[in-house]
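# Fold the following and give me the result.
(chains A and B, ligands or ions: 1)
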Amino acid sequence: MTEEKKEPKQEEPEPAEGKKLGRRDFLQGLSTLPVLGLFGAAVVQQARFDRKQKTKAAGTVKPRAGSVSDLNVALLGAGAQGEVLLNAMLKIPGLRFRAVCDIWTEYNRKKTVNLLRKYKHEPNAYENHEDMLAREKDLDAVVIATPDFWHSRHAVDCMKAGLHVYCEKEMSNTLEGARRMVMASRETKRLLQIGHQRRSNPRYIHCRERILGEAGMIGRIATVGGQWNRSAQPDLGWPARYAMPAERLKRYGFRSMAQFRNWRWYKGLGGGPIVDLGSHQIDIYNWFLGGRPVAVTANGGIDYYPASTHEWYDTVMAVYEYETPAGRTRAFYQTQTTNSSQGYFENFMGDAGTLLISESANRGAVYREPSAPAWDEWVRRGIVTAPVLSEDPAADAAAAVLDVRETVSPEKYGLPVEFTDPYHKPHLENFFDAVRGNAVLNCPAEVGYECAVTVLKVNASVEAARRLTFDPKEFEV
Amino acid sequence: MVPFPRIPQPVRQANASGDRLTLVALTVMRVAIGWHFLYEGLAKLLKGNWSAAGFLLQSKWALAPVFKWMANTPDVLAVVNAMNIWGLMAIGLGLMLGAFTRLAACAGMLLILLYYVCNPPLPGLYYSIPMEGNYLIVNKNIVELAALGVIAVTSTGRFAGIDRLLAAWFRKRSLKS
Ligand SMILES: NC(=O)c1ccc[n+]([C@@H]2O[C@H](COP(=O)([O-])OP(=O)(O)OC[C@H]3O[C@@H](n4cnc5c(N)ncnc54)[C@H](O)[C@@H]3O)[C@@H](O)[C@H]2O)c1
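Coordinates of the predicted model:
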């Protein structure tokens, strides 16, 4: 102030007419420049934070091995799922497709061989897997995507022939079949990966290892919910001119083309929707809860489709009871095939928050219970992303008329892992890495077996119309 | 008769010799708005794939067809996107540093006015992009617009800003010629 009094003319808000620019004018003219520096520093810090969140998330994905020698691979079962797996495998370097085996030679097998030729593979085509194993002597691995009731026979024969096996879920439609697979894998020392592909999905791994494991941020999980609901669908058909001869169908265990196409719905061939769809998600219950169930109570039936063509239940609701290290957990699961409401997801409900996860289209979030301690640390550590505003304006409208008795809706945090590859690719990569000795299987035979024990009991409970318990010994082979 | 009220001192003086405190306060406001503009532009730039399309497609009210046409015409949209990013940043820098302050303030007002008429919170209009507050007719856009109006009519750039140097320089040039 005193300085200003000495130089009164420099108090002027702007340089006076005709006066020369002084030092003071420069200082004042550039006085807001430091704010730009502050701005720059803030932007750099924010960018660093964003980057850290991204790399932390990416840290859960294993780096790919460098140059690798080709593995010789066969595809056994080239139907809908065989094609999905093949498309994922075509994106994995270092695989050479040597053989395709499928009994529907006039349609699925032809289509698949043609697809592979387009990608410069020259696979030999087989109808019978024994012929293939007898002739193809330099195969390293086989990928099996035949109907469930063939898995055991196919996987065991392939392992005995010295191949490592990736076999689709359900491991088998019977526990005897599944047990034989575990035994064969142990005896032959071959790898057997079961196709519960969520076990290799980086988003699921992040949830299991970091959200539930490292942070434990959702607290004590007393209840779990999950479902796979899908729209009513007509039976699968086939182009009449590509129908298989009845004799061949019979040789491979099918009564008719219709049954061959819709094998999932038939007892002795598949396990119905609860096994087909539910096993993926019930496997997640086992994995995330870190235990096995002690009992299951299920209810279901053939409520909608004609029972003559649908031997398995189109609607099933099941409640599992788990004894986890933290205490008892009840896990509800339903699958229904007449309406797609809410699609498919698994929802883990802890006393501090909720973890909602689905394989579908990056659907997933973590919700903080309003009473839980703040989650800022987990955001900072890249375990979840900062909360996003409610995307549902209806929920806001409801909140506006909230009554004191209702709890406020919880904050929604995001998952920092994005996953844009084909769903099955990481699981297949994990398998081929393991074949090369660079990885441990994410879903070996024993894990697949535990899941089969867990899931197949649902059908038994529906049939028995009562609660069934699990003996811990049941899960062991 | 009560005499016609005179313009209060601080406002009138701000332009000329002015109360120092008023000018400091106005400068702080100018810098803050500049920061906001600069970061809005920079964040869009850093995002890499930012587009105004979502915002434009949401448009309601009288000019909605124009905004929707912009969003749906790729060439126009590209221009709109670029003008948003670079315009926001240029205005932000201008306000922050007090360079071409009046021009920057007027351009900022125009931009905000466009944002406002694209999605005005008028009675009965409803938006699905979530907003972080509750507004009726006046929203934060209007507040920022009004604040920029104050910046535009008070030359804080000549008080604390590069305009102080520019003004002197221009005056010297015009005196010479
Ligand atoms: N992991 C997943 O997300 C997922 C998704 C769908 C299906 N699946 C599993 O994949 C498997 C196949 O299902 P799909 O939907 O592709 O069925 P599908 O009926 O479309 O395909 C089965 C294929 O196996 C062939 N086949 C049948 N018996 C055979 C035999 N003895 N030898 C050789 N080939 C034989 C059929 O000709 C057909 O091409 C099932 O086990 C299913 O549970 C997994």
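# tell me which residues in stretch B:24-42 are buried?
Residues of stretch B:24-42 classed as buried by neighbour count (16 or more other C-beta atoms under 10 Å in any protein chain shown): B:26-27, B:29-31, B:33-42. From N, CA and C alone the C-beta is placed, and that goes for glycine too.
# should've said stretch A:339-355
For stretch A:339-355, burial by neighbour count (16+ other C-beta under 10 Å) applies to A:344-350, A:352-355.
# Show residues contacting it.
Where contact means C-beta atoms under 8 Å, 6 or more residues apart in numbering or on different chains, the residues beyond stretch A:339-355 that reach it are A:207, A:211-212, A:217-232, A:277, A:281, A:284-285, A:288, A:356-360, A:363-364, A:366-369, A:372-373, A:375, A:410.
# can you tell if that stretch touches the ligand?
No: for stretch A:339-355 and the ligand, the contact criterion (C-beta under 6 Å from any ligand atom) is not met; the two come no nearer than 11.1 Å.
# pLDDT averaged over that stretch, what's the number?
Model confidence over stretch A:339-355, given as mean pLDDT, is 96.
# Quick check: end-to-end length of that stretch?
End-to-end distance for stretch A:339-355, by C-alpha to C-alpha, to the nearest Å: 24 Å.
# same thing with stretch A:118-127?
Start to finish, the residues bounding stretch A:118-127 are 21 Å apart (C-alpha to C-alpha).
# Distance from the chain centre to that stretch, please.
Relative to the mean C-alpha coordinate of its chain, stretch A:118-127 is positioned 29 Å out (C-alpha atoms, centre = their mean, to the nearest Å).
# Which positions in the stretch 151-300 of chain A make contact with the ligand?
Within the stretch 151-300 of chain A, the residues that sit near the ligand (C-beta under 6 Å from any ligand atom) are A:168-170, A:195, A:197, A:252, A:276.
# you'd agree residue A:298 is in a helix?
No: when classified by DSSP: H, G, I helix; E, B strand; the rest coil, residue A:298 is found to be strand rather than part of a helix.
# Hmm, residue A:317 and it touching each other?
Yes: the pair residue A:298 / residue A:317 is scored as a contact, 6.8 Å apart, by C-beta atoms under 8 Å.
# more crowded one of the two?
Ranked by neighbour count (other C-beta atoms under 10 Å in any protein chain shown), residue A:298 and residue A:317 place residue A:298 first, with 25 against 18.
# Could I get the pLDDT score of the more buried one?
In the predicted model, residue A:298 carries a pLDDT score of 98.
# tell me the contacts of it?
When contacts are counted by C-beta under 8 Å, 6+ apart, residue A:298 touches A:274, A:316-319, A:458-459, A:461-462.
# I'd like to know how far it sits from residue A:316.
From residue A:298 across to residue A:316, the span is 6 Å (C-beta to C-beta, to the nearest Å).
# Give the residues shared as contacts by the two.
Between them, residue A:298 and residue A:316 share the contacting residues A:274, A:458, A:462, judged by C-beta under 8 Å, 6+ apart.
# picking that back up, what is the nearest of the residues of the stretch 151-300 of chain A next to the ligand to residue B:143?
When these are compared for distance to residue B:143 (C-beta to C-beta), residue A:197 wins out at 51.8 Å.
# Check what pLDDT that closest one gets.
98.
# thought it was touching residue A:419?
No: counting by C-beta under 8 Å, residue A:197 sits too far from residue A:419 to count as a contact (11.4 Å).
# Now do the one helix or strand residue A:287 maps to, average pLDDT.
Assigned by DSSP states H and E, residue A:287 falls within helix A:278-289. With pLDDT averaged residue by residue, helix A:278-289 scores 97.
# At which residues are the helices of the stretch 351-477 of chain A located?
Ranges of helices in the stretch 351-477 of chain A, per DSSP state H, counting those that start in this stretch, are A:376-380, A:393-400, A:425-435, A:445-464.
# ditto for chain B
Defined through DSSP state H, the helices belonging to chain B, from first to last, are B:9-15, B:20-47, B:53-57, B:64-72, B:74-97, B:101-118, B:140-153, B:162-176.
# The closest residue to the ligand within chain B: how many residues sit nearby?
Using C-beta to the nearest ligand atom, the point where chain B gets nearest to the ligand is residue B:49, with a distance of 30.8 Å. The number of residues packed around residue B:49, counting by other C-beta under 10 Å, is 6.
# hang on, the earlier thing: tell me which two of the buried residues of stretch A:339-355 sit farthest apart.
Across the buried residues of stretch A:339-355, the two members that end up farthest from each other (C-beta to C-beta) are A:344 and A:352, 25.0 Å apart.
# Any figure for the gap between the residue of the stretch 151-300 of chain A found nearest chain B and residue B:34?
With C-beta to the nearest C-beta, the shortest gap between the stretch 151-300 of chain A and chain B falls at residue A:203, namely 21.7 Å. Counting by C-beta to C-beta, the separation of residue A:203 from residue B:34 is 40 Å.
# do the same with residue A:125
Distance check for residue A:125 against residue B:34: by C-beta to C-beta, it reads 70 Å.
# for chain B, what helix or strand is lowest in average pLDDT?
Evaluated with mean pLDDT, DSSP states H and E, the helix-and-strand set of chain B has its lowest mean pLDDT in helix B:9-15, which scores a mean of 45.
# OK, contacts around the residue of the stretch 201-350 of chain A at minimum distance from the ligand?
Across the stretch 201-350 of chain A, no residue is closer to the ligand than residue A:252, which sits at 4.6 Å (C-beta to the nearest ligand atom). Residues counted as contacts of residue A:252 (C-beta under 8 Å, 6+ apart) are A:103, A:150.
# Try it again at 7 Å.
Taking C-beta atoms under 7 Å, 6 or more residues apart in numbering or on different chains as the contact definition, residue A:252 lies against residue A:103.
# show me where pLDDT drops low in the stretch 1-150 of chain A?
Per-residue confidence of the stretch 1-150 of chain A (counting by pLDDT under 70) places the weak regions at A:1-19, A:53-68.
# and it, which residues reach the ligand?
The stretch 1-150 of chain A has residues A:76-82, A:101-104, A:108, A:129, A:145-148, A:150 near the ligand, with proximity defined as C-beta under 6 Å from any ligand atom.
# Which of these fall within helices?
When helices are assigned by DSSP H, the members of those inside them are A:80-82, A:129, A:148, A:150.
# Greatest separation within those residues: which pair is it?
Considering C-beta to C-beta, no two members of these lie farther apart than A:80 and A:129, which are separated by 18.8 Å.
# got the contact list for residue B:41?
Here residue B:41 is in contact with B:85-86, B:88-89, B:92 (criterion: C-beta under 7 Å, 6+ apart).
# To what extent is the closest residue to it other than its chain neighbours buried, counted in neighbours?
In space, residue B:41 comes closest to residue B:88 once its chain neighbours are excluded; the distance is 3.1 Å by C-beta to C-beta, 6 or more residues apart in numbering or on different chains. Using other C-beta under 10 Å, the number of residues around residue B:88 comes to 23.
# where's residue B:88 relative to chain A, distance?
Between residue B:88 and chain A the distance is 14 Å, computed by C-beta to the nearest C-beta, to the nearest Å.
# Excluding covalently adjacent residues, which one is nearest to residue B:94?
Leaving aside its chain neighbours, residue B:94 sits nearest to residue B:104 (3.1 Å; criterion: C-beta to C-beta, 6+ apart).
# Perfect, that will be all.
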